[in-house]
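Novice: Below is the sequence, then the predicted model.
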Amino acid sequence: MSENNSLERMLGVLNVFDEAHPEWTPEELQERLGYSRPTLYRYLKTLKETGLIVSVREAAYTLGPKVVEMDFLLRKADPLVVEGQPFLEDLAGRHPGTAFLSRWYRDRVLCVVSVRTSDEAVSSYPRGRPMPVGRGATSHGILAFLPRRQMIPLIDSRMDTFREIGFGADRDAVMARFRAIRRDGYVTARGEVTPGVVGTGAPVFDSSAAPVASLCLTMAERHADAIGLAKLGREVAETAARISERLSSRRLLDAAE
């Protein structure tokens, strides 16, 4: 077995930890991953020594303190957090709600930083908890702006969700909705993730053609309706564009160095 393949298999152990299954016994891991017992225990030993996992009750394993340490460093270094934080504070300071940035990660949408100025629209998806792909302004603010080759498989695999939220009965209908979102530059979703909450989202880019994240502002319906959905949409889109400019400039500067 090559060194790269062995590393991928060891990292595969970390990939099975999620919200539904935060603890695993060696027996469960062996059944899930199909690794031999000696190989699995070698991986567990290495991961434990680095602090990426720890043993807990009844010989089970969970993620370890190294993950917490890495998260602290990530908050200090992630350009999306560093550049986006002031814009979130400004946006949430002008409107009672929660402003947050969510990164497009593999096939997931993950909140990386947020600012809240109201307890009426508390997000159920804080930093680190994957959001539902295909539902809500956060997700649509990314999906609608993806290249076609990436967009179509995501639509096809989530058609039940799109039908449920009224996006249409087939792929063509969903793509028509996404074209309308691209024309507007933002998307509004009412109660798709949390009842009584309106989300307004827009894509965030760096110097690449596809979005790397989305900016979203969630508010209680009564506040959003009082301000006006179109006005909120324009503000969110303008703020997302300003963050995109900062990210693009930073990336080009790093490349020049």
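Specialist: Yes, it's here. Numbering: from 1, shown residues only.
Novice: Could you give me the buried positions within stretch 13-21?
Specialist: Going by neighbour count (16 or more other C-beta atoms under 10 Å), the buried part of stretch 13-21 is 13, 17. To be clear about C-beta, it is placed using only N, CA and C from the backbone, and glycine gets the same treatment.
Novice: contacting residues around it?
Specialist: With contacts defined as C-beta atoms under 8 Å, 6 or more residues apart in numbering, stretch 13-21 is touched by 24, 29, 32-33, 40, 43-44, 47, 52-53, 62-63, 129-130.
Novice: Now do stretch 168-184: everything it contacts.
Specialist: By C-beta under 8 Å, 6+ apart, stretch 168-184 touches 140-141, 143-145, 151-152, 155-156, 159, 162-163, 167, 187, 233, 237.
Novice: And stretch 39-53, by the same measure?
Specialist: For stretch 39-53, using C-beta under 8 Å, 6+ apart, the contacting residues are 9-10, 13-14, 26, 29-30, 33, 35, 54-55, 61-67, 69.
Novice: sorry, back to before: quick check: helices, which of the contacts of stretch 168-184 are part of them?
Specialist: 140, 141, 143, 151, 152, 155, 156, 159, 162, 163, 233, 237 (DSSP state H).
Novice: in whatever helix or strand residue 177 lives in, what's buried?
Specialist: Residue 177 is located in helix 171-184, with elements delineated by DSSP states H and E. Buried residues in helix 171-184, counted by 16+ other C-beta under 10 Å: 173, 174, 175, 177, 178, 181.
Novice: per-residue confidence averaged over that helix?
Specialist: What helix 171-184 shows for mean pLDDT is 96.
Novice: So what's the gap between it and the chain middle?
Specialist: 21 Å (C-alpha atoms, centre = their mean, to the nearest Å).
Novice: ok, now stretch 67-83?
Specialist: Offset of stretch 67-83 from its chain centre (C-alpha atoms, centre = their mean): 15 Å.
Novice: Only the buried residues of it, if you could.
Specialist: Applying 16+ other C-beta under 10 Å to stretch 67-83 flags 67, 78, 80, 81, 83 as buried.
Novice: Residue 229: which of these is nearest?
Specialist: residue 80 (25.6 Å; C-beta to C-beta).
Novice: How much space separates residue 230 from residue 91?
Specialist: 16 Å (C-beta to C-beta, to the nearest Å).
Novice: who's more crowded, these two?
Specialist: Applying other C-beta atoms under 10 Å to residue 230 and residue 91 shows that residue 91 carries more neighbours, namely 25 against 12.
Novice: Of the contacts of stretch 39-53, which belong to helices?
Specialist: Using DSSP H, these in helices are 9, 10, 13, 14, 26, 29, 30, 33, 65, 66, 67, 69.
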